[in-house]
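> Got a predicted structure plus its sequence, pasted below:
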Amino acid sequence: MKALKDLKYKQKYKHLKKEKEKLKNYYKNEFEELEDKLASLKIENDELKNKFYTIEKLKKKQKLYTCQYNVKINDIETNVCIDSGCDRMSFMTMKKAKKLGLKIKPADKNDYCIGVGGQSKIEGVSSTTIEFDSIKFSIHFEIGNTSSILIGCNFLKHYNAEINFKTEYLKLTYNDKTIKIKINMYWFIFI
């Protein structure tokens with residue numbers, strides 16, 4: 001009889017030990033999933049903080065200049081904004097790119113840009129020429145829902161651009177030649 005009782009206790013003990021192990025594994029998996037979700041939420045929170053900070057910084061009241069000039073892109077005359085604050089690339093809208101007959105390659109589906117107008121998805125890229133006063137320069141555009149056409153720092157740095165705000169001239173250097181272009185400069189208060 002005692003042997004039977006001991007056997008029952010051993011079986012019950014083994015059963016409880018197995019149940020304990022199952023529960024331990026279950027809660028371990030649940031805990032790991034919760035840790036993963038928490039890490040993901042922390043990343044999303046950091047991204048949102050960065051976006052909010054960028055937008056708030058851009059919203060601060062400041063005096064901005066815009067430099068306008070008529071150029072030819074793909075041999076079609078159009079107006080561009082020369083934007084020294086556009087520190088990444090040159091941009092244009094999809095509508096404008098199609099109107100200018102540019103060949104557009106698809107962009108990475110997760111590519112975005114952030115500017116004064118907020119965040120915009122980059123839909124494509126295009127390389128072409130831009131003509132200032134009968135001199136052609138190579139340029140690379142990102143295509144998206146941005147301002148009509150922005151000439152950014154990628155172009156300005158490549159051609160050692162100098163903008164003189166007082167005289168309203170833009171200098172570009174190409175093949176050891178420097179051209180000086182009179183640009184139209186406007187200022188506005190950004191709120």
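In hand now; what should we look at?
> from here on, contacts and neighbour counts on C-alpha atoms
OK.
> Strands of this protein, start to end?
62-73, 76-82, 90-93, 105-106, 112-115, 118-132, 135-144, 149-151, 162-164, 169-174, 177-182, 184-190 (DSSP state E).
> a markdown table please, covering those and showing distance to residue 36, mean pLDDT and mean neighbour count.
Formatted as a markdown table, the strands of the chain follow (distance: least, Cα to Cα, whole Å; pLDDT from 0 to 100; neighbours: other Cα atoms under 10 Å):
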| stretch | distance to residue 36 | mean pLDDT | mean neighbour count |
| --- | --- | --- | --- |
| strand 62-73 | 42 | 77 | 16 |
| strand 76-82 | 45 | 90 | 17 |
| strand 90-93 | 37 | 88 | 23 |
| strand 105-106 | 33 | 90 | 12 |
| strand 112-115 | 26 | 66 | 15 |
| strand 118-132 | 28 | 85 | 17 |
| strand 135-144 | 34 | 90 | 20 |
| strand 149-151 | 41 | 89 | 23 |
| strand 162-164 | 50 | 90 | 15 |
| strand 169-174 | 51 | 90 | 17 |
| strand 177-182 | 56 | 88 | 13 |
| strand 184-190 | 41 | 63 | 12 |
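> so which of these comes closest to residue 25?
strand 112-115 (41.5 Å; Cα to Cα).
> picking up where we left off before, let's have the strands of the chain in a markdown table, adding distance to residue 39.
Listed next are the strands of the chain as a markdown table, based on distance: least, Cα to Cα, whole Å:
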| stretch | distance to residue 39 |
| --- | --- |
| strand 62-73 | 37 |
| strand 76-82 | 41 |
| strand 90-93 | 34 |
| strand 105-106 | 32 |
| strand 112-115 | 23 |
| strand 118-132 | 24 |
| strand 135-144 | 31 |
| strand 149-151 | 38 |
| strand 162-164 | 46 |
| strand 169-174 | 48 |
| strand 177-182 | 52 |
| strand 184-190 | 37 |
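> Can you check which of those strands gets nearest to residue 11?
strand 112-115 (62.2 Å).
> Could you identify the longest helix within this structure?
Longest helix of the chain, by residue count under DSSP state H: helix 2-59.
> Report the inter-axis angle for it versus strand 118-132.
50 degrees (axes from the mean of the first three to the mean of the last three Cα atoms, to 10 degrees).
> now helix 2-59, how far from the chain's geometric center?
With Cα atoms, centre = their mean, to the nearest Å as the basis, helix 2-59 stands 35 Å off its chain's centre.
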